[in-house]
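Participant: Build me a model:
(one chain, ligands or ions: 2)
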Amino acid sequence: MSTVYFSSSRVPEFRRWWVPESSLLRKMEKVFYSAGLDKVVSGTVGIKVHMGEPGDVHYLRPIYVSKIVDLIRDLDGELIVVETSGLGWIPGRTSAEKHLEAARRNGFCEETIGAPVRMLDGAYGIESIKGSIVARGIQELDSLIVLSHVTGHIQAGFGGAIKNLGLGCVTKTGKYRVHYDGPPELNKRCDLCGECVAVCPVGAIEDGRINPDKCICCNACLDVCSKDAVSVREVSNNELAARIAENAYKVLQNLGKVGYINFLVDILPHCDCHPHSDIPIVPDIGLLSSLDPVACDRASIDLVNSSPGVLTSEAENCNALASGADKFKLINPETNWKVQLSTAEKLGIGTQEYILEKVE
Ligand code: SF4
Ligand code: SF4
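Facilitator: Ligands and ions are numbered 1, 2, ... in the order given. Here you go, the predicted structure:
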């Protein structure tokens, strides 16, 4: 049984003009210490956060990260805000340069959050810990605070702390292997134009075929080919959800102490990798913090599902407005959020059994 600490977004006395302790930032401080995240912090501390695809406007606000930076700085930790590149070649976060520019435009840079932002997987998102899919920079961290924006997910059903580890802390190869089986192949639509050859980072495309022994599964060829001539084998949604948890397990094998804060605010039906933001599916709920990512995610799901849905959002469209309706399942019916959590639990990452402690 794990303990998850919860602080609500509600302001109890909203007619009072000046109630700074009701700020979500003050509540962050309370759940941070209640869950013992101060004891996680040692040496070089990474703060993991998804800084939003360009076009997404409901990503986690930089002010939350800035608050965590302040808390950790008080504890004398050495701080880096960390991320990895997205899969592929073209979209807005697929290299360190593009990702840092997208982050800057979304408000994340040293001037605003008080700590440098560093990509853990090198310039092109392919640098890993030797023989692994885990981003190389993970091994340089002594501890990690994982800040996760809780959302739905069109393939995994749900995104929170486990997904932030399993997709957010791995290289492109790790991300690819969550989504696809085996390396890509060129198909008969290929006219040998050579565009993919020019972007392949390892020279794996030779004589009109992909050499599976050289291919590192970065997805660049799929992105640049305008002739639909690169074939991939997508995995089922349940397999994808399980692989997220398996990746998270591998990431945790390479980390020291880790603490988690889940943000139940602006809860979208989809994750922050989309270049758009739908209307949140439930009202803001609050913050959860724990040393157990599985418990933190399970408590997040239970709180979202017990909340009433937001009229005009996808929750209404999917008949998921009732308190108690499984919002994640009803909104993405081809998915099963339980797979990600049960796989994580089987791997020993944490437990779905939890006690919710309210922090006022
Ligand atoms: S970009 Fe597409 S069409 Fe051009 S060589 Fe590569 S796979 Fe073939
Ligand atoms: S062949 Fe493999 S390594 Fe080369 S671009 Fe395609 S996916 Fe990446």
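
Participant: switch to C-alpha atoms for all contacts and neighbour counts from now on
Facilitator: OK.

Participant: Please enumerate the strands of the stretch 1-150 of the chain.
Facilitator: With DSSP state E, counting those that start in this stretch as the criterion, the stretch 1-150 of the chain has strands at 2-8, 44-48, 78-83, 117-119, 143-149.

Participant: what's the shortest one in contact with?
Facilitator: Around strand 117-119, the neighbours that count as contacts under Cα atoms under 8 Å, 6 or more residues apart in numbering are 80-85, 96, 100, 108-110, 137.

Participant: How far away from the center of its chain is it?
Facilitator: How far strand 117-119 lies from its chain's middle: 15 Å, per Cα atoms, centre = their mean, to the nearest Å.

Participant: Average pLDDT for it, rounded please.
Facilitator: Averaged over strand 117-119, pLDDT sits at 94.

Participant: So which residues on the stretch 201-350 of the chain come close to ligand 1?
Facilitator: Contacts of the stretch 201-350 of the chain with ligand 1, taken as Cα under 6 Å from any ligand atom, map to 225, 227, 229-230.

Participant: Filter those residues down to the ones in strands?
Facilitator: Mapping those onto strands (DSSP state E) picks out residue 230.

Participant: Need the max-distance pair from the residues of the stretch 201-350 of the chain next to ligand 1.
Facilitator: By the measure Cα to Cα, 227 and 230 form the most distant pair in those, at 8.2 Å.

Participant: who has more neighbours, these two?
Facilitator: Using other Cα atoms under 10 Å, the more surrounded residue of residue 227 and residue 230 is residue 230, with 22 against 12.

Participant: Would you enumerate the residues in contact with that one?
Facilitator: Residue 230 sits next to 184-187, 190, 221-222 when contact means Cα under 8 Å, 6+ apart.

Participant: Show the backbone phi and psi for the residue lying closest to it once chain neighbours are set aside.
Facilitator: Spatial nearest neighbour of residue 230, chain neighbours left out: residue 186 (4.6 Å); criterion: Cα to Cα, 6 or more residues apart in numbering. With angles defined as degrees, to the nearest 10, residue 186 sits at phi -80, psi 140.

Participant: Next: residue 269.
Facilitator: Dihedral angles of residue 269 (phi, psi; degrees, to the nearest 10) stand at phi -80, psi -10.

Participant: With only the CA atoms kept, save stretch 208-217 in PDB.
Facilitator: Taking Å, rounded to 0.1, in the frame of the first residue of the first chain, the C-alpha atoms of stretch 208-217 are listed here in PDB:
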ATOM      1  CA  GLY A 208      16.600   0.800 -51.900                       C
ATOM      2  CA  ARG A 209      16.300  -1.100 -48.700                       C
ATOM      3  CA  ILE A 210      16.700  -0.500 -45.000                       C
ATOM      4  CA  ASN A 211      19.400  -2.600 -43.400                       C
ATOM      5  CA  PRO A 212      17.800  -3.900 -40.200                       C
ATOM      6  CA  ASP A 213      21.200  -4.500 -38.600                       C
ATOM      7  CA  LYS A 214      22.100  -0.800 -38.900                       C
ATOM      8  CA  CYS A 215      18.600   0.800 -38.400                       C
ATOM      9  CA  ILE A 216      18.200   2.300 -35.000                       C
ATOM     10  CA  CYS A 217      14.400   2.900 -35.400                       C
END
